[in-house]
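give me a 3D structure for the following:
(one chain, ligands or ions: 1)
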Amino acid sequence: MMLAAAAGSAGCSLSARSKIAAKGSETKPPNFIIIFVDDQGYQDLGCYGSPKIKTPCIDRMAAEGTRFTDFYVAAPICSPSRAALLTGCYPSRVGLGNWVQRPDSRLGIHPDEVTLAELLRQKGYATACIGKWHLGFLPPFVPTSQGFDYYFGLYHNLDLEADYLTDKGGVPILRNGKVVKRPADPAELTELYTQEAVRFIKKSKDRPFFLYLPHTMAHQPLGISEKFKGKSAGGLYGDVIECLDWSTGRILDTLRQLDLDRRTIVIYTSDNGPGPGASALPLRGRKLTTYEGGLRVPCIAWGPGNVAGGKVCCEMATSMDFYPTFTNLAGASLPKDRVIDGRDIGPLLTEPDKAKSPHDAFFYHGNLGELVAVRSGKWKLFLNPQPALYNLEQDIAEQHNVVRGNGKIVRALRDKAIAFQEDMRRNMRPAGQVR
Ligand SMILES: [Ca+2]
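I've put the predicted structure just below:
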């Protein structure tokens, strides 16, 4: 068993509490909620072994659901990771591998891409994005142009980007494109988003819905309200995570109160690894790197009756997989005229003990979209500047380069990378661009 799988709290090793049952999921397709926090470290939840930060609501979510140890996002940086989640593709596939969408960016997801929100909306889902968008702010690229009926939040980051916008009054909070407040205060955002999310769930309770909740926290600059300030042993960052835990608990409680818990699948994960002050232990590296700490993130799937309870899944899965998985669960059809990199991980959600990863390989891209490494099974090969091979099963912290004596494995992994690049060259699509 991998170290991370053993590092959980007692709650995470509970035996299955809820047997898989079709009940409640027969008549209507399930609702989907993706809670996509920002820059959270692999270890920064109780159920992933945090020594200081307390997350009882998320730990309970893990105890009632399935916790992934080998879950990857498609980029170690915000915007490409979000593009991958919503298109089911590696960021380079859709022309968005390069850094983030800054306030001077003219790019966004191409209107010809069919986002997860668009696919679900075609099946009658109510769709909302509440939180940090970061995928372009020009009219064709905003959430309400990309399949979301409703949007509340920030198009931008609050760090350096705020400087670009200072002379305009800073980064605004928007509701469907209209300014609600300017500038946004990081201390208020988690609670505001939560309030909006609960309102959307209540309003949409009688129809299938998709809620995408990309929190602005825990990205710098951190902020926290008086209610949560100084509560965590993990400092300001700990306070921020404990507030995200509270928020997640509010959402799960709302689902239970409305009797939607058996009809809803909730995902909790992060867009990339941690920034300064957070921990990806036992992984090496952090945000912006292609060590495990940059792209391997916590991920919990919850949905009594739809997701196995009390399980830890050590199979490889990715954020691109929700696109085909949720599309299939909703009875919608995937676009057939293009490559989709995500795979249906439905079996990992329902039978994590038996099912195998649908991925032969995962490809690690850097923050400028460059292909850096490939993983297949337990082996990870860095391709440049010279090959470095790690056995992640024995060496989760990537400390021992075992490239010597493993020429056959190195060649096999390199072949996969070359084939992937060839395919990418043939089947990549442009970003949307406003000139
Ligand atoms: Ca991020």
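
which ones are touching residue 345?
Residue 345 makes contacts with 317, 321, 325, 357-358, as judged by C-beta atoms under 8 Å, 6 or more residues apart in numbering. C-beta coordinates here come from the backbone N, C-alpha and C atoms, glycine included.

model confidence for it, exactly?
Residue 345 carries a pLDDT value of 98.

excluding chain neighbours, what is closest to it?
Of all residues not flanking residue 345 in the chain, residue 321 sits nearest, at 4.4 Å (C-beta to C-beta, 6 or more residues apart in numbering).

how far away is that neighbour from residue 282?
Residue 321 sits 24 Å away from residue 282 when distances are taken as C-beta to C-beta, to the nearest Å.

quick one, which of these two is more surrounded?
Neighbours per residue, other C-beta atoms under 10 Å: of residue 321 and residue 282, the larger number sits with residue 321, 25 against 16.

which of the three states applies to that one?
When classified by DSSP: H, G, I helix; E, B strand; the rest coil, residue 321 comes out as helix.

mind putting the contacts of residue 345 in CSV, pLDDT and secondary structure included?
CSV is the format used below for those (pLDDT from 0 to 100; DSSP: H, G, I helix; E, B strand; the rest coil):
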residue, pLDDT, secondary structure
317, 98, strand
321, 98, helix
325, 98, helix
357, 98, coil
358, 98, coil
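
now the residues you listed as TSV including distance to the ion?
Shown next, in TSV, are the contacts of residue 345 (distance: C-beta to the ion, whole Å):
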residue	distance to the ion
317	19
321	19
325	22
357	24
358	26
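
what about whichever residue of the chain sits closest to the ion, neighbour count?
Nearest residue of the chain to the ion (C-beta to the ion) works out as residue 78 at 3.8 Å. Counted with other C-beta under 10 Å, residues neighbouring residue 78 total 23.

now do the contacts for it.
38, 100, 132, 134, 157, 219, 271-272.

give me the distance between it and residue 164.
Distance, residue 78 to residue 164, by C-beta to C-beta: 16 Å.

how far does stretch 366-381 sit from the chain's center?
Centre-to-centre, stretch 366-381 and its host chain are 18 Å apart (C-alpha atoms, centre = their mean, to the nearest Å).

how long is that stretch from one end to the other?
14 Å (C-alpha to C-alpha, to the nearest Å).

swap in stretch 426-435?
First-to-last distance for stretch 426-435 - C-alpha to C-alpha - comes to 25 Å.

mind listing what's buried in that stretch?
429, 431-432 (16 or more other C-beta atoms under 10 Å).

ok, the closest residue to residue 181 other than its chain neighbours - how many residues close by?
Spatial nearest neighbour of residue 181, chain neighbours left out: residue 173 (4.6 Å); criterion: C-beta to C-beta, 6+ apart. Using other C-beta under 10 Å, residue 173 is surrounded by 21 other residues.

residue 173 contacts residue 193, doesn't it?
No: in terms of C-beta atoms under 8 Å, residue 173 does not count as a neighbour of residue 193; the distance is 9.8 Å.

give me every residue that touches residue 397.
282-284, 292.

one more time with 10 Å, if that's ok
3, 280-285, 291-293, 390 (C-beta atoms under 10 Å, 6 or more residues apart in numbering).

residue 219 versus the residue of the chain closest to the ion, what's the distance?
In terms of C-beta to C-beta, residue 78 sits 7 Å off from residue 219.

could you tell me which residues touch both of these two?
38-39, 132, 134, 157, 271-272, 287.

could you list the contact residues of the stretch 151-300 of the chain toward the ion?
271-272 (C-beta under 5 Å from the ion).

switch the cut-off to 6 Å
219, 271-272 (C-beta under 6 Å from the ion).

confirm that residue 421 sits in a strand.
No: assigned with three-state DSSP, residue 421 falls outside any strand and is helix.

which non-adjacent residue is nearest it?
residue 371 (6.2 Å).

the one you found against residue 420, yeah?
Yes: shown here, residue 371 and residue 420 form a contact pair, counting by C-beta atoms under 10 Å, at 7.3 Å.

comparing those two, which residue is more hemmed in?
Using other C-beta under 10 Å as the criterion, residue 371 and residue 420 rank with residue 371 on top: 20 against 16.

helix or strand for residue 415, which one?
Using DSSP states H and E, residue 415 maps to helix 407-426.

for that helix, what is the distance to the chain centroid?
The answer for helix 407-426 is 26 Å, by C-alpha atoms, centre = their mean.

which is the next helix or strand following the lowest-mean-pLDDT helix or strand in the chain?
Within the chain, judged by mean pLDDT, DSSP states H and E, the helix or strand with the poorest mean is helix 3-6; its value is a mean of 38. Counting by DSSP H and E, the next helix or strand C-terminal to helix 3-6 is strand 31-37.

state which helix of this structure is the longest.
helix 235-257 (DSSP state H).

quick one: name whatever helix or strand follows it.
Per DSSP H and E, the first helix or strand lying C-terminal to helix 235-257 is strand 264-270.

quick one: that next one to strand 31-37, angle?
Counting by axes from the mean of the first three to the mean of the last three C-alpha atoms, to 10 degrees, strand 264-270 lies at 10 degrees to strand 31-37.

neighbouring strands for strand 264-270, and are they parallel or not?
strand 31-37 (parallel), strand 299-302 (antiparallel) (DSSP bridges).

pick the most buried one from those strands.
strand 299-302 (a mean of 27; mean count of other C-beta atoms under 10 Å).

mean confidence for that strand?
On average, strand 299-302 scores 98.

and it, how far out from the chain middle?
10 Å.

for it, output the C-alpha coordinates as CSV.
Extracted in CSV, the C-alpha atoms of strand 299-302 (Å, rounded to 0.1, in the frame of the first residue of the first chain):
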residue,chain,number,x,y,z
CYS,A,299,-9.5,14.0,-4.4
ILE,A,300,-12.6,12.6,-2.7
ALA,A,301,-15.7,11.4,-4.5
TRP,A,302,-18.9,11.2,-2.5
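
after it, which helix or strand is next?
Counting by DSSP H and E, what follows strand 299-302 is strand 311-313.

any residues touching the next helix or strand after that following strand, and which ones?
As assigned by DSSP H and E, the chain's next helix or strand after strand 311-313 is strand 317-318. With contact meaning C-beta under 10 Å, 6+ apart, strand 317-318 is reached by 66, 68-74, 84-85, 88, 90, 295, 299, 301, 325, 341-343, 345, 348-349, 352, 357-359, 362-363.

now do 8 Å
Under the criterion C-beta under 8 Å, 6+ apart, residues 68, 70-74, 299, 342, 345, 348, 357, 359, 362 lie in contact with strand 317-318.
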